[in-house]
Structure formats: structure tokens, C-alpha cells
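# when you get a sec, could you give me coordinates for this:
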Amino acid sequence: MKRTHLLLLVLLYCIISFAQYNDPYRIAYDGSSYFVTNRGNGTVTEIDANNTKTTVISGLHAPTDIFYASLAGNQVLLILDSNTIKIYDTATLGLALQIPITNAVDAHDGIFNPANSNEFFISDRGGNKIIKGTVGSAPFYPVTFSTFVSNIPNPTGMCINQQGKLIVVSDTTNAKVHEINPSTGALSTVLTTQLDYFNDVTQDNEGNYYITCWGNNNLYRYTSTWTTPYLVATYNNPSGLYANLADDIMVIACTNCQKVEFSFFHLFSPKND
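Numbering: from 1, shown residues only. Purely as a prediction, here's the structure:
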């Protein structure tokens, strides 16, 4: 009976969606729908609550990250596309504004600072640095950019951990994981590996970290102190991760699989409660 129940859970909740994707790469969530960037054809796919997939944005060049935010009093989706931030209104999904990222070489991932809604960070994989964006005051809300941390080889995926620190993984051989203080820019290396080409990182409610690795196509889990690596699953170029912590769900974009997969964290992770 327990085995049957588990299989039903997998069938009901581990949704694997194949249609409407073209090299899916990064994922955002606005509370009701998920949005996926497609690097292959420069589009964004919306997955609604009924698992209906619709192409809602097109005409992008090479979109990498997409993230949801409240900006200047408006709910928006921000897309990193060819070193430009393209801002879309969530109500109409129309393009509202384009902001070139000053001195970016290969803007890759973006994330807002939860401790300061006027700040966000962008990993510049080609420039080996983290860029800070600062949103100015009304009525024009100008955005300025500055180099926040430099000398990080090929930074790719980022997340803010439970302690409010910025976690950054590197797209290099013998990939590393770095921790940055968002207030001071103080940088430390929290994990050194013999794995190659990390792509993205996220954290679950229990503090475990998850990393996608293009070097061997694996998804790894580490403890909150970066110990006990565990191979969760193997994909074909697993890329973006999104942690929906309210629903205990991790969303995984698999670029070469042409799919987006939804799984409960606790199906493959320790659950202390």
C-alpha cells in the first residue's frame, strides 16, 4: 500500500513537461504560474496551475535568467538577455523597459536582495565578477550598476541562503562554491570540488543545497554545511533550479532533455519532521 501511494504521488506531483520548450534554461514563479526561458529560440514559456504551457514572450536573443520582483510598485518579470535587463509587466506580459547592464560581458544570473528591495545582483560569467544593480528613487527609479565582487572565475548560478548570504557557483573545471556577504561584499570559498562546470544552485527548507553540474550531467545535494554530497539524479545538461519552498517543490530545467521537471523535495531529501 505504501509503495502504491508513493507511485501515485510521483504520478500526480512529479510532472514532467516536454512540449513548448527549446533549450529551457531558467525558471521564475509569480505565485500562480511558472515562466521558463528558452535559449534555443529566444522565447519564454508559461506553465499555469493546470500545467498548460503557452509561449508568452518571444523575440529575445539569448535569454538566460528570469526572475520575478516588485519594482517601483509594479509586479514585473525581469529577463537577462544579451547583457540587457528586459522588464515585462506581469499583467500584460508586454515589454515595459530595457536597461543595458553597464560593463557586463556575459550577464548570466540575477537575484534581488531580500534584505533590500532596491538592490539586485547579477553574475557576469564572462567578466568574472558579480554586478550590483541599485534602483533609485521616484519618480524615475534610475538603475545604476557597479562591480560588487571581482575575481570570481565564471560565476553562473546564485541563490540567497537561509542566513541571507549570496551563494554563487562557478562554471569551471574543479568548480567551487562561493559565499558573499550582500552588505559588505566579503567573499569566501565554502566548497572546493573535483567536479566540473556547475550551472545553478538552490536551497530547500531544511538547509540542503542542490547544484546542477554540466560536467557529468548530475544534480547533487549537499548538507547546509557543504558536506555529504549525494547524487540525486542524472539529466542531459541540467540547468536552472527553482525552489518553491511554500509547496516543498523543486523545479528543474533540463536544457538538452527539452523538459521541465517538478519534484517534491522530500521525495529525495531527508525530512526531519
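# gap between residue 157 and residue 55?
With the distance defined as C-beta to C-beta, to the nearest Å, residue 157 ends up 25 Å from residue 55. For the C-beta atoms, the positions are set from N, CA and C on the backbone; glycine is no exception.
# more neighbours, these two?
For residue 157 and residue 55, the more surrounded residue by other C-beta atoms under 10 Å is residue 157, and the numbers stand at 26 against 14.
# which SS state does the more buried one fall under?
At residue 157 the chain is in strand, as set by DSSP: H, G, I helix; E, B strand; the rest coil.
# now residue 247
coil.
# how much space between it and residue 22?
Plainly put, residue 247 is 27 Å away from residue 22 if you go by C-beta to C-beta.
# list the residues that contact residue 200.
Going by C-beta atoms under 8 Å, 6 or more residues apart in numbering, residue 200 touches 26, 109, 156-157, 169, 211-212, 239-241.
# what strand or helix carries it?
Residue 200 is part of strand 198-203, with elements assigned from DSSP states H and E.
# more neighbours, residue 247 and residue 22?
Each of residue 247 and residue 22 has its neighbours counted (other C-beta under 10 Å); residue 22 has more, 17 against 12.
# thinking again about what came up before, which strands and helices sit next to the helix or strand following the strand holding residue 200?
Next in sequence after strand 198-203, counting helices and strands by DSSP H and E, comes strand 209-213. Here strand 209-213 touches strand 198-203, strand 218-222, strand 238-244, going by 3 or more C-beta pairs under 8 Å, 6 or more residues apart in numbering; DSSP states H and E.
# nearest to residue 63 among these would be which one?
When the helices and strands packed on strand 209-213 are compared by C-beta to C-beta, strand 238-244 sits nearest residue 63, at 11.1 Å.
# next SSE downstream of that closest one?
Counting by DSSP H and E, the element that comes right after strand 238-244 along the chain is strand 249-254.
# please identify the most buried of the helices and strands packed on strand 209-213.
Most buried of these by mean neighbour count (mean count of other C-beta atoms under 10 Å) is strand 198-203; its value is a mean of 25.
# between the two ends of stretch 125-142, how far is it?
One end of stretch 125-142 sits 25 Å from the other (C-alpha to C-alpha, to the nearest Å).
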